[in-house]
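Visitor: I would like to see how this sequence folds:
(chains A and B)
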Number of protein chains: 2
Amino acid sequence: MVTNTLHFKTVEPDLINAYVSRLHAEVNGGKVGYYHLPKEGGQIVQKAAAFGRMHPHFKDIVVIGIGGSSLGPKAVASLLFAHKKAGTPTLHFIENIDPWSVEATLKRLTLEKTYFLIVSKSGTTIETISLAKVVMAQMGCLPGSFHFADHFGVITDENSPLDAFAKEYGLSAFHIPQNVGGRFSVLSAVGLVPLTLCGYDSKALLEGADACKETYVEQGDEAIMQKAYRYAIHKQASINVLFSYADAFREFNAWYTQLWAESLGKKHGYARMGLTPVGLIGSVDQHSFLQLIMEGPKDKTVTFIKIKNFNKPNPIPSIKLPFLDKADYTAGLSMGSLLNAQCAATMQSIVQEGITTDLIEIDTLDAWHAGYLMYYYELLTSTCGLMLGIDTYDQPGVEVGKRILKNVLGARG
Amino acid sequence: MVTNTLHFKTVEPDLINAYVSRLHAEVNGGKVGYYHLPKEGGQIVQKAAAFGRMHPHFKDIVVIGIGGSSLGPKAVASLLFAHKKAGTPTLHFIENIDPWSVEATLKRLTLEKTYFLIVSKSGTTIETISLAKVVMAQMGCLPGSFHFADHFGVITDENSPLDAFAKEYGLSAFHIPQNVGGRFSVLSAVGLVPLTLCGYDSKALLEGADACKETYVEQGDEAIMQKAYRYAIHKQASINVLFSYADAFREFNAWYTQLWAESLGKKHGYARMGLTPVGLIGSVDQHSFLQLIMEGPKDKTVTFIKIKNFNKPNPIPSIKLPFLDKADYTAGLSMGSLLNAQCAATMQSIVQEGITTDLIEIDTLDAWHAGYLMYYYELLTSTCGLMLGIDTYDQPGVEVGKRILKNVLGARG
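Guide: Numbers count the residues shown, from 1 in each chain, chains lettered A, B, ... in the order given. Coordinates of the predicted model:
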């Protein structure tokens, strides 16, 4: 169960009805494919699970990918870190062209027990292809060598250059639907294959996402519409803070940051539009960013995420520490309850300042709720994009840097 | 060596001279203590090193602390992760009242080999004292038990409640100077003790910080003044992005976020002032937040940090992959050079958009440069505070939530 409570003045339905129709048109139009992944993903899960059963000797699954190719599966694995089943493979990420972190990751792996997934929607991402070469060379497993296809697979668009490469060497290939963008691809093969191979419950992930679609698209719960409308018209509050109460949300926040920033920061004719994401972790960031929200300019909205039940009832012990008795009022509470009380207190103090606030409460943090939350944020992003009148699904601004890089380095040789 | 290149129009010295005098007055005034830590820290390093030599059996050092008590040492340890000396103790952090992450950390520890440092400037931080009780109970090491003082120590203000508690049980206590605020305390015992115990070169850290002070305070290099002036007058660009090119900067970015947000978000009479920090990692976040910088509203400034030499010359191999030859232009480059070329290309594309940009280049990433960078950001924060006319060193906005928490939970019993 998920509830979303809005602590701001909502508007009359007739102000948002036009957008409801436009969202339905987009959902059913076929141009934007991610909407249908919750129903379509089952087949990929089956294929990945079968692959896993045929290769029970893999202890480490490594995603070589960046941006949309890594942030989604990383977010899910991080959300579910406390529920990892013993004996299932460990999931690693080689994302950045950083010699130190690449070395640190490769040092922990042995080729025999490792399967590498090269993940790139376009099949040409420069970091990913370069990193794949580094990995092949350092692990001593080059294309053409006897075991190459046993240790490398790809996730990419059908008929991309990477897909053609995979065919050439007989590598397993999992495809991303053409109409699913990289940052909306967590419920496609991009997320489902590595997560399934590592024993996460991908089926529940899809079911949670489908339940979210059911609530906000089919049944017409208007919380997402109201939030998006608020964000679109409340021009001076252009920074959207996501304040998640549990360490498990750290990578989810990073996934949200990409989804939001890359989708909603766009030139629109001569105008520059954009909503800026900020991801925080409670209660840690009460000791950091909170001061700025409370007393800084009113340029922020805040969404709290709270886990109702951590399923860890062990209480903070009633130990009396001399001179430290002012802290005794937390004795007997479970850590989860204290964390949630802090969430409630912080939220109350922010609401009192008149800042646009809402609260998402999830019953517990499992694969079902992870899928729900991710679909919720994808829907919210799409809805904001509709209301801002921009193209949510492209990213023209990052092409300039790619061209400059190529020119600078290409001129070398 | 560190160089800072400004890619925006600087102003005449007479516009900033008044602030130079005020900064000197603050440095020499005695009210703000962190300025002098680079010279004063040597003694604490000696004391911590002696403690370490007397306790060679500790394999794990655990900081129990939150906010300013954990972010600084965590940032340094993360910056230097690739240089960790073999055989030195591992540094852990128990920061958040999160039952899952606390359990995951404690599971990896055995009491015999572990030393816990309870870190709280005020000595009353509710999360920290509650977590200390959880740790004592779960590790089976309660106050009064025979080995209690062998496994717990404190870092706190002299005569704080936590200090009195330590005296009661004969725990080692390291003190934070009264006039050093939590978020400016990384070069005090807060950072120096755990880092020294774990074999990091704290002496070089202090020397790097001192070199930074020499450059910007004694010798009067005006880069920091010019940046702060720009940030203070350029009102529409109130989001300050730090784009750091290496994974090692992830926790440094979090440290910067606290320092910036908690220092520079303040009510000032009826006005709400504030600069919003955003920390990014290159090249990963070129595939995320960059689109928003390039095409979104011009409400951001960007600082790039680049490591000139990663000391890892192994090149991206010249493997020819069929169908993937478009990526061949990176062959032969070291990963560090490719990362730096990406930094240069991204910076050029942002400068072309007319966005306020500067570049900090460090020769390599070692303890000396880590100390320099941290002191640089502390100085920049202080200077921005002076120019905004706010109190950089308090945090009144977070007290409301603390009161609400106490009322809500206090009403229980």
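
Visitor: can you pull out the strands in the stretch 251-400 of chain A?
Guide: Taking DSSP state E, counting those that start in this stretch, the strands of the stretch 251-400 of chain A run over residues A:266-268, A:271-273, A:276-281, A:300-307, A:357-362.

Visitor: nearest to residue A:118, out of those?
Guide: In terms of CB to CB, the element of those nearest to residue A:118 is strand A:276-281, at 27.7 Å. (Glycine included, C-beta is placed from N, CA and C.)

Visitor: between that closest one and strand B:276-281, how many degrees?
Guide: Angle of strand A:276-281 versus strand B:276-281, following axes from the mean of the first three to the mean of the last three CA atoms, to 10 degrees, is 80 degrees.

Visitor: name the residues that touch strand A:276-281?
Guide: With contacts defined as CB atoms under 8 Å, 6 or more residues apart in numbering or on different chains, strand A:276-281 is touched by A:238-247, A:249-250, A:252-254, A:256-257, A:259-261, A:265, A:288-290, A:300, B:96, B:239, B:276, B:278, B:289, B:292, B:296, B:299-300.

Visitor: pick out the residue nearest the middle of chain A.
Guide: Most central in chain A under CA atoms, centre = their mean is residue A:255, positioned 3.4 Å from the mean C-alpha point.

Visitor: next, the contact list for that one, please.
Guide: The contact partners of residue A:255, taken as CB under 8 Å, 6+ apart, are A:71-72, A:74-75, A:186, A:374.

Visitor: measure it to residue B:11 for me?
Guide: Remark: distance between residue A:255 and residue B:11 (CB to CB, to the nearest Å) = 41 Å.

Visitor: looking at it, residue A:162 is touching residue A:152, isn't it?
Guide: No - using CB atoms under 8 Å, residue A:162 is not in contact with residue A:152; the gap is 10.9 Å.

Visitor: any shared contact partners between those two?
Guide: Here residue A:162 and residue A:152 have residue A:118 as joint contacts, going by CB under 8 Å, 6+ apart.

Visitor: show me what the lowest-mean-pLDDT helix or strand in chain A is packed up against.
Guide: Of all helical and strand segments in chain A, the minimum by mean pLDDT, DSSP states H and E falls on helix A:399-410, at a mean of 88. Contact here means 3 or more CB pairs under 8 Å, 6 or more residues apart in numbering or on different chains; DSSP states H and E; on that basis helix A:399-410 packs against helix B:335-352.

Visitor: burial count for the residue in the stretch 1-150 of chain A that chain B sits nearest to?
Guide: For the stretch 1-150 of chain A and chain B, the shortest gap (CB to the nearest CB) falls at residue A:67, measuring 2.7 Å. Applying other CB atoms under 10 Å in any protein chain shown, we find 27 other residues in the vicinity of residue A:67.

Visitor: enumerate every residue touching the residue nearest to it when sequence neighbours are not counted.
Guide: Excluding its sequence neighbours, the residue lying closest to residue A:67 (CB to CB, 6 or more residues apart in numbering or on different chains) is residue B:287, at 2.7 Å. By CB under 8 Å, 6+ apart, the residues touching residue B:287 are A:66-68, A:258, A:262, A:398.

Visitor: any idea how far residue A:254 is from residue B:287?
Guide: 11 Å.

Visitor: again with residue A:173
Guide: 27 Å.

Visitor: got it, and residue A:89?
Guide: Taking CB to CB, one finds residue A:89 at 22 Å from residue A:254.

Visitor: circling back to that earlier point, among the contacts of strand A:276-281, which ones are in helices?
Guide: Taking DSSP state H, the ones among the contacts of strand A:276-281 that sit in helices are A:250, A:252-254, A:256-257, A:259-261, A:290, B:292.

Visitor: ok, and the most crowded of those residues?
Guide: Compared across the ones in helices among the contacts of strand A:276-281, residue B:292 has the highest neighbour count, 31 neighbours, by other CB under 10 Å.

Visitor: pLDDT weak spots in chain A?
Guide: A:411-413 (pLDDT under 70).

Visitor: what angle separates the least confident helix or strand of chain A from helix B:335-352?
Guide: Relative orientation of helix A:399-410 versus helix B:335-352 (the same axes, to 10 degrees): 130 degrees.

Visitor: now do helix A:399-410: everything it contacts.
Guide: By CB under 8 Å, 6+ apart, helix A:399-410 touches A:126, B:286, B:290, B:294, B:329-330, B:333, B:338, B:341-342, B:344-346, B:348-349, B:352.

Visitor: thinking again about what came up before, ChimeraX command to pick out the buried ones of the contacts of residue B:287?
Guide: Isolation of the buried members of the contacts of residue B:287 (16 or more other CB atoms under 10 Å in any protein chain shown) is achieved in ChimeraX through the command below:
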select /A:66,67,68,258,262,398
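
Visitor: show the contacting residues for the closest residue to residue A:125 other than its chain neighbours.
Guide: Spatial nearest neighbour of residue A:125, excluding adjacent residues (CB to CB, 6+ apart): residue A:66 at 6.3 Å. Counting by CB under 8 Å, 6+ apart, residue A:66 touches A:95-96, A:125, A:127-128, B:283-284, B:287.

Visitor: buried subset of those, written for ChimeraX?
Guide: In ChimeraX, a selection of the buried entries from the contacts of residue A:66 looks like this (16+ other CB under 10 Å):
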select /A:95,96,125,127,128 /B:283,284,287
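
Visitor: mind listing what residue A:290 touches?
Guide: The contact partners of residue A:290, taken as CB under 8 Å, 6+ apart, are A:280, A:346, B:262, B:397-398, B:401.

Visitor: quick check, nearest of those residues to residue B:166?
Guide: Minimum distance to residue B:166 across these is 25.6 Å, recorded for residue B:398 (CB to CB).

Visitor: what about residue A:380, how many residues nearby?
Guide: Neighbour count of residue A:380, defined by other CB under 10 Å: 23.

Visitor: so the closest residue in space to it that isn't next to it in sequence is in which element?
Guide: Nearest non-adjacent residue to residue A:380, counting by CB to CB, 6+ apart: residue A:224, 5.2 Å away. Assigned by DSSP states H and E, residue A:224 belongs to helix A:223-233.

Visitor: would you mind measuring from the nearest residue to residue A:139 once chain neighbours are set aside to residue A:58?
Guide: The shortest distance from residue A:139 to any non-neighbouring residue, by CB to CB, 6+ apart, is to residue A:111 (4.9 Å). According to CB to CB, residue A:111 and residue A:58 sit 11 Å apart.

Visitor: out of the two, which sits in the more crowded spot?
Guide: Applying other CB under 10 Å to residue A:111 and residue A:58 shows that residue A:58 carries more neighbours, namely 19 against 15.

Visitor: the more buried one contacts residue A:116, correct?
Guide: No - in this structure, residue A:58 is not within contact of residue A:116 by CB under 8 Å, at 10.2 Å.

Visitor: run a quick check on the residue of the stretch 1-150 of chain A closest to chain B versus residue B:284, I expect a contact.
Guide: Yes - assessed by CB under 8 Å, residue A:67 is found in contact with residue B:284 at 7.3 Å.

Visitor: shouldn't residue A:92 be within a strand?
Guide: Yes - checked against DSSP: H, G, I helix; E, B strand; the rest coil, residue A:92 lies within a strand.
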